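**Q** The following comprises the amino acid sequence and a computationally predicted model.
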Amino acid sequence: MKKITTVALLMVSFLAFAQQKSKIQSKHFSTNNKTVTVYTTADGTDLRLTKTDNLQFTDLKQPLETQLCVFVNPSKTFQTFLGIGGAITDASAEVFAKLTKENQKEFLEAYYDKEKGIGYSIIRTNIHSCDFSSGSYTYVDEGDAALKSFNIEHDKEFKIPLIKKAIAAAGGKATLYVTPWSPPAFMKDTKNMLRGGRLLPEFYQSWANYYVKFINSYQKEGIPVWGLTIQNEPMARQTWESCIYTAEEERDFLKNYLGPTLKKAGLGDKKITVWDHNRDLLAQRASTILDDPEANKYVWGIGFHWYENWSGGDSMFENVGKVHEMYPDKNLMFTEGCVEKFDFKKLQLWANGERYGESMIHDFNNGTVGWTDWNILLDENGGPNHVGNFCFSPIHGNTKTGELIYTPSYYFIGHFSKFIGKSAKRISSVSSQSYLMTTSFLNQDGKAITVVMNKTDKKLKYNLCIGTKTTEIYILPHAIQTLVY
């Protein structure tokens, strides 16, 4: 009897192993019977996220050095994709309110609908005023450290209605995180929300309570808050709302005040992102905060912007990868980027779109899980902005003509956001020559997404290679393509 039981158990174990092995094998990516659908956006053409080809795979045993290739290996997986989106600021909401009902509908579909638009799923918004507000404001009366006067009535006119419509347009689900540009003036050593200054230690607890009040107020309005960043650009003394934190100050505020306060308030599940500034000091800020175990335990991720080239140097894309190497258990999130110094004559400047494509490819290849553009909408002047810091956005609303203006940046972002699904895994994607840039993801439905960008002046022929299978593709000069297969 014992022998029979042992045999039976072995049989059950064998069958279970065989089924498990079968499931693993069934997930293996195959090019069999797959068609490669090509979507293209190209300078000097009418192609804008346009379906341009349906191609089949053929054999290619050994590529030659003379052949331009993009090698994709779906078995090598990396970070899990969170999403792509943009910021709903006061400026965006005020411009949106001036659009016609028809254009409001078009605008919401253009950003948040996966079929009709480009499928945004991330929203960032400001905690009281920032530069892209019509004026400075807070949610409390001046001097009210107890926050008894706290209310978000200001946001109910423009910003909250747009956030609700955006979430609805995104299918009822969106990853929303919130960011302050400055504490109220009375909490700072300069007694001014603008031009830098520091949070006074005696107001650390009051300021931590402020985040709780804000999150609870928004959630009471039916807007789920997924997470927050501690401070926008904590090393920049801007002419607009700004506040300086050294790495040690941000670390100590987080571990001694903000983290424990959120946890005590039942908001310990909110994802906290530190830094929220440029790639230049990314490694130093991450090391200072994350090497402290008490601060580390509250951190979901490290946020970064793309403005480090203010010094005249190049973008420091590799810094993102270095931080990912040091702290692979933490998430990297691009939290802000825009093309600065608005000029109406440059609304269709192709280089603006290419800046997005280049940054997104590098950032994803360096371990970034989510990517957040700055304002989703601005007017024909690149505002409103109460300190004249006018910028570009992917879509502009001309408040004089009522026209929606789609810029190249919108289409470049769409080559990623429209096709890469939430929880997709980044997979290995390598170009054989420097003419092409590429990144790839594997969606949960089994479809692979490869983005290829050509910044040269030449029309190029390349091979998309998966193992010993390939398909030959042409890409126009200054073009970006998404391959779905």
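**A** Happy to help now that I have it. Numbers count the residues shown, from 1 in each chain.
**Q** C-alpha from now on. contacts and neighbour counts both.
**A** OK.
**Q** dump the residue contacts of the residue most central in space within the chain.
**A** Centroid-nearest residue in the chain, with Cα atoms, centre = their mean: residue 371, separated by 1.5 Å. Counting by Cα atoms under 8 Å, 6 or more residues apart in numbering, residue 371 touches 83-85, 333-336, 360.
**Q** Please convert these to CSV, extending it with distance to residue 261, pLDDT and secondary structure.
**A** Below are the contacts of residue 371 laid out as CSV (distance: Cα to Cα, whole Å; pLDDT from 0 to 100; DSSP: H, G, I helix; E, B strand; the rest coil):
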residue, distance to residue 261, pLDDT, secondary structure
83, 28, 98, strand
84, 29, 99, strand
85, 28, 98, strand
333, 24, 98, strand
334, 26, 99, strand
335, 24, 99, strand
336, 26, 98, strand
360, 34, 99, helix
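**Q** can you pick the most crowded of these?
**A** Neighbour tally across the contacts of residue 371 (other Cα atoms under 10 Å): the maximum, 29 neighbours, falls on residue 335.
**Q** quick one, what contacts it?
**A** Under the criterion of Cα under 8 Å, 6+ apart, the neighbours of residue 335 are 276, 303-305, 371-374.
**Q** Quick check: strands, which of the residues you listed are part of them?
**A** Among the contacts of residue 335, the members falling in strands (DSSP state E) are 276, 303-305, 371-374.
**Q** does residue 405 count as helix, strand or coil?
**A** When classified by DSSP: H, G, I helix; E, B strand; the rest coil, residue 405 comes out as strand.
**Q** Could you pull up phi and psi at the nearest residue to it once chain neighbours are set aside?
**A** Nearest residue to residue 405, sequence neighbours excluded (Cα to Cα, 6 or more residues apart in numbering): residue 396, at 5.0 Å. Dihedral pair for residue 396: phi -120, psi 140, per degrees, to the nearest 10.
**Q** Could you pull out the helices in the stretch 251-400 of the chain for me?
**A** Applying DSSP state H, counting those that start in this stretch to the stretch 251-400 of the chain gives helices spanning 259-264, 282-290, 293-296, 317-326, 350-365.
**Q** May I see these arranged in TSV, with distance to residue 448 as well?
**A** What follows is the helices of the stretch 251-400 of the chain, written out as TSV (distance: least, Cα to Cα, whole Å):
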stretch	distance to residue 448
helix 259-264	38
helix 282-290	31
helix 293-296	34
helix 317-326	23
helix 350-365	15
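**Q** I figured residue 130 hits residue 238, correct?
**A** No: taking contacts as Cα atoms under 8 Å, residue 130 lies outside contact range of residue 238: 10.6 Å.
**Q** Give me the more crowded residue out of the two.
**A** Shown here are residue 130 and residue 238; by other Cα under 10 Å, residue 130 has more neighbours (28 against 15).
**Q** got a pLDDT number for the more buried one?
**A** Looking at residue 130, its pLDDT stands at 98.
**Q** Could you do residue 28 as well?
**A** Residue 28 is given a pLDDT of 88.
**Q** again, but for residue 7
**A** On pLDDT, residue 7 comes in at 36.
**Q** Repeat that for residue 394.
**A** pLDDT for residue 394: 98.
**Q** hmm, who's touching the longest strand belonging to the chain?
**A** In the chain, with assignment by DSSP E, the single longest strand is strand 69-80. Contact with strand 69-80 is made by 28-29, 63, 367-369, 423-433, 438, 440, 442, 448, 462-467, as judged by Cα under 8 Å, 6+ apart.
**Q** how about 7 Å then?
**A** Defining contact as Cα atoms under 7 Å, 6 or more residues apart in numbering, one finds that strand 69-80 is touched by 29, 367, 369, 423-432, 442, 462-466.
**Q** hmm, back to that, out of the helices of the stretch 251-400 of the chain, which is closest to residue 37?
**A** Among the helices of the stretch 251-400 of the chain, the nearest to residue 37 by Cα to Cα is helix 350-365 (19.6 Å).
**Q** buried sites along that closest one?
**A** Residues 350-354, 356-365 are the ones in helix 350-365 that count as buried (16 or more other Cα atoms under 10 Å).
**Q** From residue 438, how far out is the residue nearest to residue 69 when sequence neighbours are not counted?
**A** Of all residues not flanking residue 69 in the chain, residue 463 sits nearest, at 4.6 Å (Cα to Cα, 6+ apart). From residue 463 across to residue 438, the span is 13 Å (Cα to Cα, to the nearest Å).
**Q** circling back to that earlier point, how far out from the middle of the chain is the longest strand of the chain?
**A** 20 Å (Cα atoms, centre = their mean, to the nearest Å).
**Q** tell me which residues of that strand are tucked away?
**A** For strand 69-80, the buried set under the neighbour-count rule, 16+ other Cα under 10 Å, comprises 69-72, 74, 78-80.
**Q** what about residue 125, how many neighbours?
**A** When neighbours are counted by other Cα under 10 Å, residue 125 registers 22.
**Q** so when I look at it, I'm seeing a helix, right?
**A** No: assigned with three-state DSSP, residue 125 falls outside any helix and is strand.
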